[in-house]
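# Following is a predicted model, sequence given first.
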Amino acid sequence: MPKVTVDGITVEVPAGSTVLQAAELAGREIPRFCYHERLSIAGNCRMCLVEVEKAPKPVASCAFPVADNMVVFTDSPMTRQARRGVMEFLLINHPLDCPICDQGGECDLQDQAVGYGRDHSRYAENKRAVKDKNLGPLVKTVMTRCIQCTRCIRFATEIAGVPELGATARGENMEVGTYVEHALTSELSGNLIDICPVGALTSKPYAFVTRPWELTKTDSIDVMDAVGAAIRIDTRGGEVLRVLPRINEDVNEEWLADKSRFAIDGLKRRRLDSPWVRRDGQMRKATWPEAFAAIAARLRGLTGERIGAIAGDMVDAESTMALKDLMGLLGSINLDCRQDGARIDAARRDFYTFNTSIAGIEEADALLIVGSNPRREAPLLNARIRKRQVAGRFPVAAIGAAADLTYDATWIGDGPSALTGLLDGSQDFASVLRDAKRPMVIVGQGAIARPDGAAILAACWKLAAQTGMLAPEWHGFNVLHTAGGRVGALDLGFLPGPNGKNLDAMMGGGVDLLWLLAADEFDMSRIGDDTFVVYQGHHGDAGAARADVILPGAAYPEKHGTYVNTEGRVQRGSFATFPPGDAREDWKILRAASAVLGKPLPYDTLEALRARLEGANPVFARINQLPRFGCSDHSGPAGDPAALGEAAFVSCVPNYYQTDPISRASATMAKCAALYQPSLAAAAE
């Protein structure tokens with residue numbers, strides 16, 4: 001490896017490294033605007049100029065490769081003078097509206113102008129003005145501030161896979177924007193705000209709301225989908241004002257999906273802030289004792305077989321555990337966490353998790369997608385698939401409704417018949433999977449949430465075994481979930497016990513009392529007219545409209561909670577702000593209710609409840625860790641691989657922007673749905 005001396009510090013760097021990377025290894029800071037570790041090198045801004053021994057002039061360190069025995073100076077008089085000149089050029093046309101700019105306090109241009117720029121300017125000419133572009137309801141533009149670093153263009157093209165941004169004209173007349181004015185169509189467009197080093201691209205819903213130094217910052221986990229991205233929740237005065245991504249190389253790298261970022265205004269709309277009880281056919285506000293008394297009165301005389309519970313898609317593991325324990329004390333084994341009716345076999349954990357892991361996608365060399373649209377169901381995971389294909393030699397085939405996944409995919413069918421062709425070898429892609437060293441399959445909820453779902457799951461496992469996906473050092477069978485709380489509930493066994501009733505069996509009068517824990521994603525009209533419904537949740541959504549008793553719970557930023565993502569990675573979200581009014585954390589509600597019902601739960605603290613989680617399943621002791629497992633046991637999930645239906649697969653997320661109570665309450669998400677999917681938004685209204 002070449003040896004490079006940076007400011008007197010000698011380091012060895014991999015061949016092909018740049019001077020900037022060598023300087024970072026040596027612990028020397030080099031300013032930059034256009035350079036980004038995850039994007040291609042552009043060399044636009046020239047802010048990273050350094051002096052190289054024997055070079056006649058400063059060089060752009062981000063694009064200059066190292067050579068053996070190279071000597072670099074990052075803080076020489078030549079370097080300082082060059083950077084001051086570059087900064088002077090960058091500020092010629094900048095409007096200097098820092099007092100009203102939303103980037104103020106978090107702006108790279110501000111920081112580097114202070115650290116590396118002059119204290120005056122020699123330019124007195126009029127500044128150039130650029131017309132703002134309309135990029136949709138999420139990203140606000142003030143293009144006069146743009147320094148033409150092209151980070152946004154490279155992100156949209158390389159990471160998001162939606163090449164809608166570009167530069168027109170040249171020199172001083174160059175402008176960044178869409179070639180034909182229209183809204184950005186990427187589910188990752190909010191990341192443009194993070195990578196913009198100036199205030200040219202900012203958050204439109206967050207415009208003029210607050211300053212960064214006024215915010216309280218809390219590290220947490222996103223539960224708007226099943227990826228489990230690392231996030232930071234920014235609050236002020238008890239209100240969630242912003243959600244930003246945190247770096248987690250194994251899950252989301254440093255990106256975040258738009259729904260997770262922008263749906264937070266739904267946290268202050270349609271909220272349940274006090275208990276309600278139905279009296280004489282009308283819902284009336286009540287106290288906690290009155291609500292618990294109404295439940296106790298209805299439970300009196302009921303046997304366990306006439307009681308049921310359904311856990312929702314965004315429920316933390318602590319609340320799921322508490323509800324399961326309460327149902328056990330009441331003698332009920334009628335439990336279900338599969339609101340969509342997914343035929344999941346929970347006998348083994350690798351039957352229902354994403355076993356390759358999200359980071360492991362980069363090690364695969366062939367992919368089959370069955371009944372899933374990852375772009376809608378898990379945009380961050382979809383970006384990882386695109387990253388792998390851009391690296392080269394990664395054939396992708398898909399079965400289901402054709403869609404633009406942002407990368408090249410061969411659609412080999414729309415239903416189970418294509419899966420049959422892969423199993424018997426008549427489909428050409430079967431040989432691609434067999435010849436691959438590390439093939440993988442992704443099975444979506446659209447494939448298993450149907451009457452023949454168990455057969456499809458078994459058929460996909462059989463295909464995985466036939467094509468070398470199941471090996472001692474590699475596990476290529478993956479189930480992609482869409483619900484942030486689903487895998488945790490499966491790990492806790494929140495499923496019907498022996499001879500217990502699933503969701504379908506509990507409908508139409510199958511039980512006399514049904515406890516809905518933030519469950520809103522199934523047709524409430526299926527519940528029997530005489531069934532007494534207890535709804536425990538945080539929004540006045542479908543479940544609350546059908547309820548006889550409403551118990552106001554806390555949304556994910558308002559409680560400490562454990563969540564398990566689609567990989568099976570156990571993570572913990574943190575309390576960022578208090579729930580509104582009389583709303584409380586869900587496990588505390590269940591603990592209080594159990595005491596009134598005469599069946600007190602055996603824990604009073606969060607620590608004791610988490611000890612109960614670990615006792616129920618040891619995986620809950622493995623926080624933020626995901627050991628990679630191969631597969632030695634090829635026996636598959638329950639189901640007959642030959643009993644496949646004929647109906648085509650349908651995506652389980654037709655409307656990406658409105659999939660849960662929070663996003664359905666969000667005015668921002670409603671604007672996105674109306675713009676990008678108007679027919680679905682109109683149908684929802």
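Perfect, I can see it now.
# contacts and neighbour counts: CA atoms only from here.
Fine.
# can you give me the helices in the stretch 551-685 of the chain?
586-596, 606-616, 661-665, 667-676, 678-684 (DSSP state H, counting those that start in this stretch).
# can you tell me which of these comes nearest to residue 466?
helix 606-616 (34.1 Å; Cα to Cα).
# mean confidence for that closest one?
For helix 606-616, the mean per-residue pLDDT is 96.
# would you turn the helices of the stretch 551-685 of the chain into a markdown table with mean neighbour count and distance to residue 98?
Below are the helices of the stretch 551-685 of the chain laid out as a markdown table (neighbours: other Cα atoms under 10 Å; distance: least, Cα to Cα, whole Å):
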| stretch | mean neighbour count | distance to residue 98 |
| --- | --- | --- |
| helix 586-596 | 20 | 43 |
| helix 606-616 | 16 | 45 |
| helix 661-665 | 24 | 32 |
| helix 667-676 | 19 | 26 |
| helix 678-684 | 12 | 37 |
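# Could you export the ones you listed as TSV, including distance to residue 580?
Listed next are the helices of the stretch 551-685 of the chain as TSV, based on distance: least, Cα to Cα, whole Å:
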stretch	distance to residue 580
helix 586-596	13
helix 606-616	21
helix 661-665	14
helix 667-676	19
helix 678-684	26
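# quick one, which of those helices is nearest to residue 271?
Of the helices of the stretch 551-685 of the chain, nearest to residue 271 by Cα to Cα is helix 661-665, at 8.9 Å.
# got the CA coordinates for that closest one in PDB?
Below are the C-alpha coordinates for helix 661-665, written out as PDB (Å, rounded to 0.1, in the frame of the first residue of the first chain):
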ATOM      1  CA  PRO A 661     -53.000   6.000  11.800                       C
ATOM      2  CA  ILE A 662     -50.100   8.500  12.100                       C
ATOM      3  CA  SER A 663     -49.600   9.000   8.300                       C
ATOM      4  CA  ARG A 664     -53.400   9.000   7.700                       C
ATOM      5  CA  ALA A 665     -53.700  11.900  10.200                       C
END
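# rewinding a little: considering the helices of the stretch 551-685 of the chain, which stretch scores lowest in mean pLDDT?
Among the helices of the stretch 551-685 of the chain, helix 678-684 scores lowest, at a mean of 57.
# just to revisit the earlier point, between the helices of the stretch 551-685 of the chain, which one is closest to residue 229.
Residue 229 lies closest to helix 661-665 among the helices of the stretch 551-685 of the chain, at 16.9 Å (Cα to Cα).
# can you list the residues that contact the closest one?
259, 263-267, 269-270, 520, 539-541, 657-658, 669-670 (Cα atoms under 8 Å, 6 or more residues apart in numbering).
# nearest to residue 69, of those residues?
Closest to residue 69, out of all of the contacts of helix 661-665 and judged by Cα to Cα, is residue 259, at 49.3 Å.
# Check the gap between the closest one and residue 130 for me.
Remark: distance between residue 259 and residue 130 (Cα to Cα, to the nearest Å) = 30 Å.
# Tell me which of the two has more neighbours.
residue 259 (24 against 16; other Cα atoms under 10 Å).
# Give the helix, strand or coil label for the more buried one.
Classification of residue 259 using DSSP: H, G, I helix; E, B strand; the rest coil returns helix.
# and the nearest residue to it once chain neighbours are set aside, what does it touch?
Spatial nearest neighbour of residue 259, excluding adjacent residues (Cα to Cα, 6 or more residues apart in numbering): residue 657 at 6.2 Å. For residue 657, the contact set (Cα under 8 Å, 6+ apart) comprises 259, 663-664, 669-670, 672-673.
# now, which of those residues sits nearest residue 173?
Using Cα to Cα, those come closest to residue 173 at residue 672, 31.8 Å.
# ok, now how distant is the closest one from residue 142?
According to Cα to Cα, residue 672 and residue 142 sit 21 Å apart.
# again, but for residue 520
As for residue 520, its distance to residue 142 is 40 Å (criterion: Cα to Cα).
# which of those two has more neighbours?
residue 520 (25 against 19).
# how about the contacts of residue 657 in JSON lines, adding distance to residue 3?
Converted to JSON lines, the contacts of residue 657 look like this (distance: Cα to Cα, whole Å):
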{"residue": "259", "distance to residue 3": "46"}
{"residue": "663", "distance to residue 3": "53"}
{"residue": "664", "distance to residue 3": "57"}
{"residue": "669", "distance to residue 3": "52"}
{"residue": "670", "distance to residue 3": "56"}
{"residue": "672", "distance to residue 3": "52"}
{"residue": "673", "distance to residue 3": "54"}
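# Relative to residue 588, how far out is residue 337?
20 Å.
# ok so, going back, out of the helices of the stretch 551-685 of the chain, which gets nearest to residue 22?
Of all those, helix 667-676 comes closest under Cα to Cα, at 43.3 Å.
# Output the closest one as CSV, nothing but the C-alphas.
Output of helix 667-676 as CSV, limited to C-alpha atoms (Å, rounded to 0.1, in the frame of the first residue of the first chain):
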residue,chain,number,x,y,z
ALA,A,667,-51.7,16.7,6.4
THR,A,668,-48.3,16.5,4.7
MET,A,669,-48.9,12.8,3.7
ALA,A,670,-52.4,13.7,2.5
LYS,A,671,-50.8,16.2,0.1
CYS,A,672,-48.3,13.6,-1.1
ALA,A,673,-51.0,11.0,-1.6
ALA,A,674,-53.2,13.5,-3.5
LEU,A,675,-50.3,14.5,-5.8
TYR,A,676,-48.7,11.1,-6.4
